[in-house]
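*Asks:* What shape does this take:
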Amino acid sequence: MNDNFGHAIGCGVILLVARLLKNNYRLVDCVFRCGGEGVALLFHTNTETEARVALNRLRLNTAEYFFPQIVQLTISCGFLGLASIDTVSSIVNQADLALYHFKNNGRNRVMPYNELGVNGQQQVDNSIELF
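*Replies:* Numbers count the residues shown, from 1 in each chain. Prediction:
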């Protein structure tokens, strides 16, 4: 988006997306900005179906929202369950692979990471911890 509309408009859109996130998730859920246009959500669900429903609701609400600067925005959501043995670098790597998968294979969708077909495309050095 920044490449097409500039950073000022891109940052304004990110703020509006943050408002949508605030209105669609609980106070105990965590939202993080990752890179320029990326957002990571950390929220608890009991099943993969519940996660898919929550993310689809966000995807649809975003697509229906009028963004004054760009009119409409669509998002794609990849998700995965976290295990206590996951490292930050491993999780960031999986999110990055999912992002490029959506950019190259169709947007405006919700899919679990294990269905993206990106496992093993890039090795990650799990010995490095970020922050």
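
*Asks:* which residues touch the residue lying closest to residue 42 once chain neighbours are set aside?
*Replies:* Spatial nearest neighbour of residue 42, excluding adjacent residues (Cβ to Cβ, 6 or more residues apart in numbering): residue 30 at 4.1 Å. In short, each C-beta sits where N, CA and C put it, glycine included. Taking Cβ atoms under 8 Å, 6 or more residues apart in numbering, we find residue 30 in contact with 41, 42, 43.

*Asks:* What distance do you get for residue 30 to residue 104?
*Replies:* 28 Å (Cβ to Cβ, to the nearest Å).

*Asks:* Ok, residue 114 next?
*Replies:* Distance, residue 114 to residue 104, by Cβ to Cβ: 18 Å.

*Asks:* Neighbour count for the two, which is higher?
*Replies:* Set residue 114 next to residue 104 and count neighbours by other Cβ atoms under 10 Å: residue 114 wins out with 14 against 9.

*Asks:* ranges for the helices of the protein?
*Replies:* Counting by DSSP state H, the segments of the chain that form helices are 2-5, 7-24, 48-64, 88-105.

*Asks:* out of those, nearest to residue 78?
*Replies:* Residue 78 lies closest to helix 88-105 among these, at 3.3 Å (Cβ to Cβ).

*Asks:* any idea of the mean pLDDT for the closest one?
*Replies:* The pLDDT scores in helix 88-105 average 80.

*Asks:* quick one, what contacts residue 33?
*Replies:* Contacts here follow Cβ under 8 Å, 6+ apart; on that basis residue 33 touches 14, 39, 40.

*Asks:* nope, residue 52 is what I was after
*Replies:* Applying Cβ under 8 Å, 6+ apart, the residues near residue 52 are 79, 110, 112.

*Asks:* mind checking how far stretch 85-96 is from the chain centre?
*Replies:* 13 Å (Cα atoms, centre = their mean, to the nearest Å).

*Asks:* what's the answer for stretch 96-106, then?
*Replies:* On Cα atoms, centre = their mean, the centre of stretch 96-106 falls 11 Å from that of its chain.
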